[in-house]
Structures are given as structure tokens and as C-alpha cells.
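> Take this sequence and fold it.
(chains A and B, ligands or ions: 2)
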Amino acid sequence: MAMAIEEAEAIRLDRCDPDFIREVEEAGGLNVSACYQCGTCSGGCPTVWAMDYTPRQIIRMVHLGMKDEVLSSMSIWVCSSCYTCQTRCPRGVHITDVMSALKSIAIREGRTPANPKGPVFYKNFVDIIEQYGRMWELELSLKFTHKSEPEVPNKLAMLLRDAPLGLAMFTKGKLALAPHKILNIDQIKAIYENVRRMEAEK
Amino acid sequence: MRYAYYPGCSLVASEKEYNISTKAVLEALGIEAPDIEDWNCCGATAGHAINHNLSLALPARNLALAEDSDAQTIIAPCSECFHNLAGVNNTLKGDEREMRKVNTILADAGLEYRGGVEVRHVLDVVAHEVGYDYLREHTVRDLSKLRIAPYYGCLVVRPPDVANFDRLENPQTMDNIAKAVGAQVVDYADYKTACCGGALILPKEDVALKLIKNILLGAKRAGANCIIVPCPMCHMNLDAKQALVEETFGVSIDIPVLYFPQLLGLAMGLDPGKLGLEKNIVSPKRILDLLGIEFAEELSVPGVSITLEEEGQKKRLVFELG
Ligand code: SF4
Ligand code: SF4
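Ligands and ions are numbered 1, 2, ... in the order given. The predicted structure is shown next:
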């Protein structure tokens, strides 16, 4: 049955950003324009069932410049970076890298994400590396549970649920109670500074 | 070949048993690979999600350090670290502009990378440098009662321009290693390279748990009594999160998940204590019993002695300092 035009969700080209595709490619998502919409990426994606737009749709939306829709989608935060799509794409589209690029643009622009835990997790992760040069899992999980609190309906229940595993990790000597800071942490700081400077110069 | 070893953050913390067993097995195989001195985190998936240049520069510092130490090849046991180090290495070697940009970022850290090292996953080194024949000849224990499900995960096989040492959709290296040491291998091809969710277990737990459940059930249905893995992230999900999967979905799994060097070490006659087997969350005792290998499930924290006391139904952990 034909659907009336008014009922269909129309793509508002007047609200699209034609420069978006370039922005995505600059952020590391190469070959977006080579996509011919075959859907192979969506067919093999292990998390497509939890996405609001399939990977194929995300790529098309990037083509069209539907920046707002893409950056507020759940899809980009559900992508696990498994590289199945990128590996199978017959056109060499770097789909996984596009998904990462979209995450980084959404975080940089402070977009309200469909999964608030996503940006909190990734930001904390790189902040911890800046401090110590290495990951400190305890700080990551504590900060994470704390900062993403509104998302967790019952924080106490969550902590109790995870307590036996935490205890097992501790008794097996797998829980570092203090961070390990690398000797030349200044080098890491210099790297972060330069990356920030380059970002600002863009 | 002059090797350098890049453990990565998980291997010195929550997934120590991978580091312990890999080092023990490399030593037994006569492969010398000193740690890259003062190595830093590769950025994992977070680097990519935050900033493209950061995701290039963090691994590049390690490449530069290895190059300065005169190493030719970096051995990385973690699939994520391997992916980042090898991927960035490819990008920099293949693109002068990117190389120049990254060296500008590294310059203030007093470092420069000139493209002089290669990066290989420890699975690749064991399978292709040591070889299956050598492993077969050096197997001293009978492992024929093990029915193994080799779980490869994502980043040792994908993307093929970075990970190119095994078959994409039906990889064989761990299958061949398990067979070489006399274990059985179960057929569950659909799940060998299915994604476990990786780091998604924190920001999107519900999605990751479902993926983990499918893999574990796939292995169970295929009749496996042991899973082997080459990645700390996969191990965390399949081993440490196994109880949560059972609870969440009301299923029973109960399969020990070993790192492939733990299996190799057992085959080569190493003591379970040298392979960190007491640190696995799902106890491997059952399969060690099956193999007739003595195994004390002792709990250890440096400076603290911990004993498990049992009184009928009640269990009590006793901590003693000193
Ligand atoms: S597999 Fe590649 S070409 Fe096919 S729809 Fe996906 S991105 Fe486009
Ligand atoms: S990388 Fe992301 S989008 Fe691609 S198949 Fe994996 S989960 Fe799906």
C-alpha cells in the first residue's frame, strides 16, 4: 500500500549539512562516499538489533549531511568497534572508523547522546591515561558508576551485584588499589597538549 | 629477531594471568622479549572515540620507544593493543603526511618514530615463528580429554589490512595449536569470530551481555569443556562476566576460559602455578582434575594471606596481614 507523502518521515535537505561528510572523513572515517548502499554492513553487524539506524543508514545519512540525526542516534554508542562491517564492505568504506569518528564529533560538540554512559566512559578513559600514562581500572569503574548515576536505577543494588566479582578480583591480586604512573609522564602531557593545540588550530 | 614485549594495561592488572602465562611460555620456547621500557596505554577503543590524532600518537610513542631500544618486532598479546599498535604502524609507514603530523606531536616529548619496527600478535608469533610441529614435539602432557572451543574474537582477524595472519571468517591458528598439543577441537564456527562486545560491557552492558551469552552457549552446545582466547577483553567478558550472564539469562554455562598460552604451558609440562591458573575467575580445577594435574586453588594478595573456611553451607574468607 502506498504511503502518503505526509505520513512518511521526510528527509529535510534544507536542514542538512553538506560539509558533514568532510568532517567525518577528517576525523578518521575514510571512503564514506564510495558506499553503494548494498547493506552488507548491516547484515553482519552483531549489535544492529540494538540500533535505531542500521550502519548502512548511518552511512547514507552521513552522505546527505543529516548531522543532527546521526549525532543523536543510539547506533553510534552501540557500535562495539568489531570491524565486521569494515572487513566485509565491498567498497572499502571504513565504517567502523566512521562510527568512531561520529563518537568523537558528538563528544567534541557536547551533543546530548542517546546513551549518556558512552561519552562518560570514553572521556574518563582518556583522562586517566593523561594522568598516569596507563589505565587504572579501579578509578575508571568508580568514576563511571558515579558519573553515570542517573542512568543506574539502583546504584546500591548494582554495587552489591558486582561485589562478589570485585572481591574475587581482589583476592586473586587482580585489582590494582593504586595507579601505576609511568616515569616520563611529561611526555604524555606534551602529547595531549599538542593534540589539543592541533584541534584548536583547525 | 630482536623482540620487544608490549604487555598493555590489562595484562599488568585485571588480566595478569595472561601476562604470567605468556611470559612463561615465551621463556620455555626460548623467545627473549624484554618489556618496552616505560610503555604507555595504547588508548584502547577510547582513543578512537575521543580524537583521531590522539589515537595515532599514543601508540606511536610506544613504537618510537621500541625503535630506540633497537627492537625489530613488538610482540603484543592483547588484541586491542595489537590492533592499535599495528594499525598506527601501517598508517604511519604508508602515509608521509600522517607520519609528519604524528612526529610533530611527539617532538615536544623528545621522541621521533622513523617506521623501523613491525608489530605482531603473540598468537601469530607462536603459530608461525615457533610453528605447530615444534609445539607437537614439545608436548609432554596428555590433553586428549579437553574439548576446546577456540574463541578468536574480533581484532586478531579484523580488519584484514591490520590483522592478516589468519583466515578472516574461519580462523585456524588456535585450532591448530590446540590440535598440535593433542586436545580435541569442537566445531562452532559461527561463534569463533563473533563479537563479545569488548569494552561495551561498561557503557552498554545489556547489549554486551547478550553477545557474550550467545558465544558461551554456542561453545556449550558444541560440547566444549574449555574455551581458549587470545585477548584480555574477550577473557574478561567470557570468564569474569560468565556468572553475570548465567544470572541474567537463567542459563548454566560453567566452562573454564583459558588463555591459549595457559593451555600451551600445560601441554609443555609447566606447573599450573607458573601459568597464573589460580587467577582465572571460573575455576579451571575441573579440567585440571580431568587431566590429572594437581592444582591448589590458593588465593593470593601480596602481604595478605587469605584462606577460605567452610562450615557446612557457610563459607568464610579469612584475611591475615603480614
Ligand atoms: S557494506 Fe559498504 S557499500 Fe555496502 S552499504 Fe555498507 S558501507 Fe555501503
Ligand atoms: S564495527 Fe560497529 S557497526 Fe560495524 S559491524 Fe561492528 S558493531 Fe556493527
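
> which ones are touching residue 114?
Let's take chain A. A:D52, A:S72, A:S73, A:M74, A:W77 (CB atoms under 8 Å, 6 or more residues apart in numbering or on different chains). Yep, even glycine has a C-beta here, placed from its N, CA and C like the rest.

> oops, I was thinking of chain B
Contacts of B:R114 by CB under 8 Å, 6+ apart are B:E67.

> Would you mind splitting chain B into its domains for me?
B:3-123, B:131-294 (automatic domain parsing).

> Dump those into a markdown table; add mean pLDDT as well.
Listed next are the domains of chain B as a markdown table, based on pLDDT from 0 to 100:
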| stretch | mean pLDDT |
| --- | --- |
| domain B:3-123 | 97 |
| domain B:131-294 | 97 |
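
> Tabulate those domains (a markdown table), appending distance to A:M135.
A markdown table is the format used below for these (distance: least, CB to CB, whole Å):
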| stretch | distance to A:M135 |
| --- | --- |
| domain B:3-123 | 4 |
| domain B:131-294 | 11 |
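
> Over to B:L258. Which of the three states is it?
Following DSSP: H, G, I helix; E, B strand; the rest coil, B:L258 is assigned to strand.

> And the helix or strand containing B:C81, what does it pack against?
Following DSSP states H and E, one finds B:C81 within helix B:79-94. In terms of contacts (3 or more CB pairs under 8 Å, 6 or more residues apart in numbering or on different chains; DSSP states H and E), helix B:79-94 is packed against helix B:44-50, helix B:52-68, strand B:73-76, helix B:96-107, strand B:118-121, helix B:232-235.

> distance between that helix and the chain's centre?
Counting by CA atoms, centre = their mean, to the nearest Å, helix B:79-94 is centred 17 Å from the centre of its parent chain.

> Out of the helices and strands packed on helix B:79-94, which gets nearest to ligand 2?
Smallest distance to ligand 2 across the helices and strands packed on helix B:79-94 (CB to the nearest ligand atom): 10.4 Å, for helix B:44-50.

> Now do the closest one: which elements does it pack against?
helix A:95-108, helix A:117-132, helix B:52-68, helix B:79-94.

> List the buried residues in the first one.
I take that to be helix A:95-108. Residues A:95-107 are the ones in helix A:95-108 that count as buried (16 or more other CB atoms under 10 Å in any protein chain shown).

> Let me have the residues you listed in a markdown table, extended by distance to ligand 2 and pLDDT.
Shown next, in a markdown table, are those (distance: CB to the nearest ligand atom, whole Å; pLDDT from 0 to 100):
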| residue | distance to ligand 2 | pLDDT |
| --- | --- | --- |
| A:I95 | 5 | 97 |
| A:T96 | 4 | 97 |
| A:D97 | 9 | 96 |
| A:V98 | 9 | 97 |
| A:M99 | 5 | 97 |
| A:S100 | 9 | 95 |
| A:A101 | 12 | 96 |
| A:L102 | 10 | 97 |
| A:K103 | 11 | 96 |
| A:S104 | 15 | 94 |
| A:I105 | 16 | 96 |
| A:A106 | 15 | 96 |
| A:I107 | 17 | 94 |
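
> Those also near chain B: which ones?
A:T96, A:D97, A:S100, A:A101, A:K103, A:S104, A:I107 (CB under 8 Å from any CB of the partner chain).

> And the pLDDT at the closest residue to B:T173 other than its chain neighbours?
Of all residues beyond its chain neighbours, the one nearest B:T173 is B:A127 (4.1 Å), with distances taken as CB to CB, 6 or more residues apart in numbering or on different chains. pLDDT recorded at B:A127 is 98.

> Give me the neighbour count for B:A127.
B:A127 has 21 neighbouring residues, counting by other CB atoms under 10 Å in any protein chain shown.

> Surely it is in a helix?
Yes. Applying three-state DSSP, one finds B:A127 inside a helix.

> Any chance you could list what contacts stretch B:116-124?
B:4, B:22, B:26, B:63, B:66-67, B:71-77, B:79, B:82, B:85-86, B:89, B:156, B:163, B:165-166, B:173-174, B:230, B:260-261.

> just the buried members of these?
Using 16+ other CB under 10 Å as the burial test, the contacts of stretch B:116-124 include B:4, B:22, B:26, B:63, B:66-67, B:71, B:73-77, B:79, B:82, B:85-86, B:89, B:156, B:163, B:165-166, B:173-174, B:230, B:260-261 as buried.

> So which of those residues reach ligand 1?
When CB under 6 Å from any ligand atom is applied, no member of those is adjacent to ligand 1.

> what's the distance between the closest residue to ligand 1 within chain B and A:D97?
Closest residue of chain B to ligand 1, CB to the nearest ligand atom: B:P159 (12.8 Å). According to CB to CB, to the nearest Å, B:P159 stands 9 Å off from A:D97.

> Need the residues touching each of those two.
A:Q86.

> that older thread, and the helix holding B:C81, anywhere near ligand 2?
No. Using CB under 6 Å from any ligand atom, helix B:79-94 stays clear of ligand 2, coming no nearer than 12.2 Å.

> which residues are in contact with that helix?
Everything outside helix B:79-94 that qualifies as a contact, by CB under 8 Å, 6+ apart, is B:6, B:8, B:42-45, B:47, B:55-56, B:58-60, B:62-63, B:74, B:76, B:98-99, B:102, B:113, B:115, B:117-121, B:153-156, B:161-163, B:198, B:230-234.

> hmm, which of those are the buried ones?
Looks like these have B:6, B:8, B:42-45, B:47, B:55-56, B:58-60, B:62-63, B:74, B:76, B:98-99, B:102, B:113, B:117-121, B:153-156, B:162-163, B:198, B:230-234 buried, using 16+ other CB under 10 Å.

> re earlier: please identify, among the contacts of A:A114, the one with the most neighbours.
Result: A:W77 is most packed of the contacts of A:A114 (other CB under 10 Å), 27 neighbours.

> Might you quantify the distance of stretch A:113-132 from its chain's geometric centre?
10 Å.

> And ligand 2, is it touching that?
No. Using CB under 6 Å from any ligand atom, stretch A:113-132 never reaches ligand 2; the gap is at least 13.0 Å.

> quick one: average pLDDT of that stretch?
92.

> Can you tell me the SS state at B:I227?
From three-state DSSP, the assignment for B:I227 is strand.

> what separates the closest residue to B:N40 other than its chain neighbours from A:T171, distance-wise?
Leaving aside its chain neighbours, B:N40 sits nearest to A:G133 (4.3 Å; criterion: CB to CB, 6+ apart). Separation of A:G133 from A:T171 (CB to CB): 28 Å.

> what's the answer for A:D97, then?
A:D97 is 40 Å from A:T171, by CB to CB.

> filter the buried residues of helix A:95-108 down to the ones near ligand 1?
By CB under 6 Å from any ligand atom, the members of the buried residues of helix A:95-108 lying near ligand 1 are A:I95.

> with the buried residues of helix A:95-108 in mind, which one is nearest to ligand 1?
A:I95 (5.2 Å).

> I'd like the distance between the residue nearest to that closest one when sequence neighbours are not counted and ligand 1.
Excluding its sequence neighbours, the residue lying closest to A:I95 (CB to CB, 6+ apart) is A:C85, at 4.2 Å. Distance from A:C85 to ligand 1, counting by CB to the nearest ligand atom, to the nearest Å: 6 Å.

> give the contact list for A:C85.
A:T40, A:C41, A:S42, A:G44, A:C45, A:P55, A:I95, A:T96.

> List the contacts of the residue nearest to B:N40.
Each residue near A:G133 by CB under 8 Å, 6+ apart is listed here: A:K181, A:I182, A:N184, A:I185, A:I188, B:D38, B:N40, B:C41.

> Contact partners for B:F165?
Contacts of B:F165 (CB under 8 Å, 6+ apart): B:R120, B:H121, B:L123, B:D124, B:A127, B:H128, B:V156, B:T173.
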